[in-house]
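J.: structure for the following, please:
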Amino acid sequence: MRKRIHKPSTTRWLAVAAATVAGAVALSGCTGGGGGSLSGGGSGSGDGKKVTLVVPTSQAPWNPAYAKLVQEYQKETGNTVDLRAFPNPDVKTQEVNDVQSQRHSFDVYQINESDLVQFNENGWIQDLSKIDSGYKPDSEIFSYSNIANWNADTKVFDGEGTTTSQPLLGNLDIFIYRKDIYKQLGLKVPTTWDQVIENGKKIQEAKAAKYGGVFRTQGVAGTYAATFEFQSLMNSAGASWFTQPGTDYTPTADSSAAVKAASWYHELAQLGPSATGTIGQAQVIAAMQSGDAAQTYAVAAAAAPLEDESNSAVAGKLGYAPLPKAADGSSSTATGLWVLGVPQGLSKERSKAALEYIKWMTSKKAMTLFAQYGGIPVRSDAYNPSGVSAAAKATLTAVKESADKLPKNPTSLRFGFSTDILNVTEPELQNIAAGSTSPEAGMKAIQSGLEGVVQKQKLPTK
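T.: Numbers count the residues shown, from 1 in each chain. Coordinates of the predicted model:
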């Protein structure tokens, strides 16, 4: 009897994901022992004594894997972790309130990549070498364009900066496609964006799927939404928002390379639903799950719901690959990382315990387990775990190749004024995708808006 698979409901999937996280966190978040309350914070020491750590986390599809990892940490160390899950935006709110009030409720901060500049600029997380003068991050941990190293003088991430955090989740964009449709039509996995577009047109012509592709084209002012996906196109075209972040913030959004990226963005959007302004990340995932879309690109964490047989009609039918590279061979992918840092103001003992937690979480053993549990590891030597599905192996292979080839200088929006940038880029990119603004006119409008941001922020230019 043929197994019946219902088309997934995005709302239902998000609800299930949140419930799963909550359940997993409840199992791992034991609160016995000394401390572990929001009013009093955790207890900790660096001298081998058992400790209780209070750690905030996000409610996201990858968090059950993290919760399992926390359980392993507790078993191995004898320490207790009170893992507290909040909706993604509320993680930052909880931590900002904590550090500004100096309650010291948390022992470790989990920080979204897009918020890390603010935490560094305000001194809300510690220089890890001041907690342990002998501490050096393991060389197997991916640099992710120097995400861990903050240069307080230039206010950018570079190799000259101090180590203030370590990555926890190596989330980044990868290409996702229907293997069966590609095989049926004799299509090759694309290595350029023109090939992605051409494959989509062939799929449409053959009516092999409802859409030749569905991509994230909904602009949300002030939010890293459409701009996040567009970033990969900018990188691949060799374009950038500014001449040299840190020293020369002259905007370059209207360059020929940036206009080329915008043209790709519009053409990709035309492969999907006509209401391009309504297609956010959840809608992209739902279109792939239902089988309506034949290809897309999205964060690697999306592979988990796409391969969930109870919610996806295409589980086992998908292929995963790196995005088309930049001309110099570097990865064009945008990164969407979560990192761990030690809050400023903790006692010496709690700070040491927090750093030990971070070291354990980023170890080879921990990251290999994380991969087995469905997480995206941050170490190059944790990408060949045993006991994972073929789809998971393909996803990890694509992620590792992408992380290996990331450029030294960050290309994602890592600025303290990113919200100002996103207020400019999001609505214009949505218009470009829809075709209500031409790529040339849209990028000129962004250029003008960024010039206003530079003036407002009094940023250096040459």
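
J.: can you show me the helices along the stretch 201-350 of the chain?
T.: Here the stretch 201-350 of the chain has its helices, by DSSP state H, counting those that start in this stretch, at 226-237, 256-269, 281-290, 303-306, 348-361.

J.: so which of these is nearest residue 126?
T.: For these, the distance to residue 126 is smallest for helix 348-361, at 6.5 Å, taking CB to CB. To be clear about C-beta, it is placed using only N, CA and C from the backbone, and glycine gets the same treatment.

J.: packing partners of the closest one?
T.: strand 52-58, helix 63-77, helix 128-131, strand 166-169, strand 338-341 (3 or more CB pairs under 8 Å, 6 or more residues apart in numbering; DSSP states H and E).

J.: including distance to residue 365, could the ones you listed go into a markdown table?
T.: Below are the helices and strands packed on helix 348-361 laid out as a markdown table (distance: least, CB to CB, whole Å):
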| stretch | distance to residue 365 |
| --- | --- |
| strand 52-58 | 18 |
| helix 63-77 | 8 |
| helix 128-131 | 20 |
| strand 166-169 | 15 |
| strand 338-341 | 17 |
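
J.: okay if I get these as TSV plus mean pLDDT and mean neighbour count?
T.: Below are the helices and strands packed on helix 348-361 laid out as TSV (pLDDT from 0 to 100; neighbours: other CB atoms under 10 Å):
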stretch	mean pLDDT	mean neighbour count
strand 52-58	97	24
helix 63-77	97	20
helix 128-131	97	18
strand 166-169	98	26
strand 338-341	98	25
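
J.: about what we covered before: relative to residue 79, which of the helices of the stretch 201-350 of the chain is closest?
T.: helix 348-361 (7.7 Å).

J.: between helix 63-77 and that closest one, find me the angle.
T.: On the basis of axes from the mean of the first three to the mean of the last three CA atoms, to 10 degrees, helix 348-361 is oriented at 110 degrees to helix 63-77.

J.: just the buried residues of helix 348-361, please?
T.: Across helix 348-361, burial judged by 16 or more other CB atoms under 10 Å covers 350, 351, 352, 353, 354, 355, 356, 357, 358, 359, 360, 361.

J.: with only the CA atoms kept, save that helix in PDB.
T.: Below are the C-alpha coordinates for helix 348-361, written out as PDB (Å, rounded to 0.1, in the frame of the first residue of the first chain):
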ATOM      1  CA  LYS A 348      36.700  34.600  37.900                       C
ATOM      2  CA  GLU A 349      35.400  31.200  38.900                       C
ATOM      3  CA  ARG A 350      32.200  31.500  36.900                       C
ATOM      4  CA  SER A 351      34.200  32.800  33.900                       C
ATOM      5  CA  LYS A 352      36.600  29.900  34.000                       C
ATOM      6  CA  ALA A 353      33.700  27.400  34.200                       C
ATOM      7  CA  ALA A 354      32.000  29.100  31.200                       C
ATOM      8  CA  LEU A 355      35.200  28.900  29.100                       C
ATOM      9  CA  GLU A 356      35.500  25.300  29.900                       C
ATOM     10  CA  TYR A 357      32.000  24.700  28.700                       C
ATOM     11  CA  ILE A 358      32.800  26.500  25.500                       C
ATOM     12  CA  LYS A 359      36.000  24.500  25.000                       C
ATOM     13  CA  TRP A 360      34.000  21.200  25.500                       C
ATOM     14  CA  MET A 361      31.200  22.200  23.200                       C
END
